[in-house]
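A.B. asks: Give me coordinates for this.
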Amino acid sequence: ERQTVSQHAVYDEETGEERTFIGVRRREGYWVAEIKRQGQTLKLGQFDNAKDAARAYDEAALRYQGDKARLNFQESRELTVATSDPGNYVHSRVRVLYDDGVWYEGGIVGYDEKNGKYFIRLDDDTRFTSTLPDPDIQIISAPLFPPYQHGV
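C.D. replies: Below you'll find the predicted structure:
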């Protein structure tokens, strides 16, 4: 059974209280994170627990809404400020929605600081550049290793 609300109350074992997370829904066996953007619902992924889904929502809310974002965790805002270097997306896995309505997966392979565009290579070897955020591109995992440290 699908729920149409964007919030779902969960029991927080750390505090012993029920907590409502923005952008999180419970499905049978997993949690879903999603965010509304320009009249569309963007699926952010499936998660084993509500807190991970809530963190994914927070990341997307900060990316799309900036300082005006309503968050599940205040520390999400602080973490994003600390890691706001655009190069941090390099080596992230992405999912791209094409005109045919199909999602294709790939990765961000570089960043052009001069033009503010990311180099994206899909698993089928299709290559293109794009700015982020983009409603047709979802970050589905963080970089596999720490980003390049300038001046180190």
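
A.B. asks: CA only for contacts and neighbour counts going forward, please
C.D. replies: Will do.

A.B. asks: Now do the buried residues in the longest helix along the chain.
C.D. replies: In the chain, taking DSSP state H as the definition, the longest helix is helix 50-65. Judged by neighbour count (16 or more other Cα atoms under 10 Å), helix 50-65 contains these buried residues: 50-64.

A.B. asks: Going toward the C-terminus from the longest strand anywhere in the chain, what's the next helix or strand?
C.D. replies: When secondary structure is assigned using DSSP state E, the longest strand within the chain turns out to be strand 103-112. Reading on from strand 103-112 to the C-terminus, the next helix or strand found by DSSP states H and E is strand 117-122.

A.B. asks: partner strands of the next helix or strand after that next one, parallel or antiparallel?
C.D. replies: The first helix or strand that comes after strand 117-122 along the chain, using DSSP H and E, is strand 127-130. Sheet partners assigned to strand 127-130 using DSSP bridges are listed as strand 117-122 (antiparallel).

A.B. asks: Kindly calculate the angle that the partner strand makes with strand 103-112.
C.D. replies: Strand 117-122 runs at 140 degrees relative to strand 103-112, counting by axes from the mean of the first three to the mean of the last three Cα atoms, to 10 degrees.

A.B. asks: where does the protein have low pLDDT?
C.D. replies: 1-17, 76-88, 141-152 (pLDDT under 70).
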